[in-house]
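K.L.:
this one's sequence-less:
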C-alpha cells in the first residue's frame with residue numbers, strides 16, 4: 001500500500017486552480033496507525049497512544065478552527081465490511097466535510113493554530129485519501 005498523508009504539489013495546484021463555485025465537499029478516508037507515530041522529540045512520543053487517540057487529539061483541536069471557517073461534517077461512517085476492493089485498502093473512518101468555499105479550506109490549512117495540530121494527524125494516519133467531490137442531482141438510476 002502506498003501511504004498518502006499530504007497532497008503533492010500537483011494536487012495542491014489543482015485544488016488552487018479549481019473554480020471557486022461555492023460549497024466544497026471533501027471525502028476523507030482514513031486508515032489509522034496501530035500506534036501513533038510521533039517523532040521522538042514530540043511530547044506524546046512513547047506514551048502508547050493509538051493512531052485513533054492521536055486523531056482524536058487532532059480532531060478536538062481542529063474542530064473550533066473548522067467551525068470558524070464555516071466547515072461542517074455532513075456524513076460520517078465507520079466501515080464494516082469490504083465487499084469489493086483490494087484487501088489492503090481497509091479504512092477506519094470515512095466522512096464528508098463541507099466547506100463554504102475553497103478559500104475557507106485554504107484559510108484553515110494556513111491557520112497557525114491548525115498547523116500546530118498537524119503532527120497529531122501525521123502521527124495518527126497510516127494512509128488517507130482526500131477527494132474534492134462535486135454534488136450531483138439524485139436520479140433513480142445509477143447511470144445518470
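P.N.:
Ah, there it is. No experiment lies behind these values; they were computed from the predicted model shown. Numbering: from 1, shown residues only.
K.L.:
Identify the residues contacting residue 92.
P.N.:
30, 31, 32, 51, 52, 78, 79 (C-beta atoms under 8 Å, 6 or more residues apart in numbering). Quick note: C-beta positions are derived from backbone N, CA and C, even for glycine.
K.L.:
Closest one of these to residue 113?
P.N.:
When these are compared for distance to residue 113 (C-beta to C-beta), residue 30 wins out at 21.4 Å.
K.L.:
List the residues that contact the residue nearest to the spatial centre of the chain.
P.N.:
Of all residues in the chain, the one closest to the mean position by C-alpha atoms, centre = their mean is residue 28, 4.4 Å from it. Contact partners of residue 28, counting by C-beta under 8 Å, 6+ apart, are 93, 94, 95, 96, 97, 128, 129, 130.
K.L.:
Report the buried members of the residues you listed.
P.N.:
Using 16 or more other C-beta atoms under 10 Å as the burial test, the contacts of residue 28 include 93, 96, 97, 128, 130 as buried.
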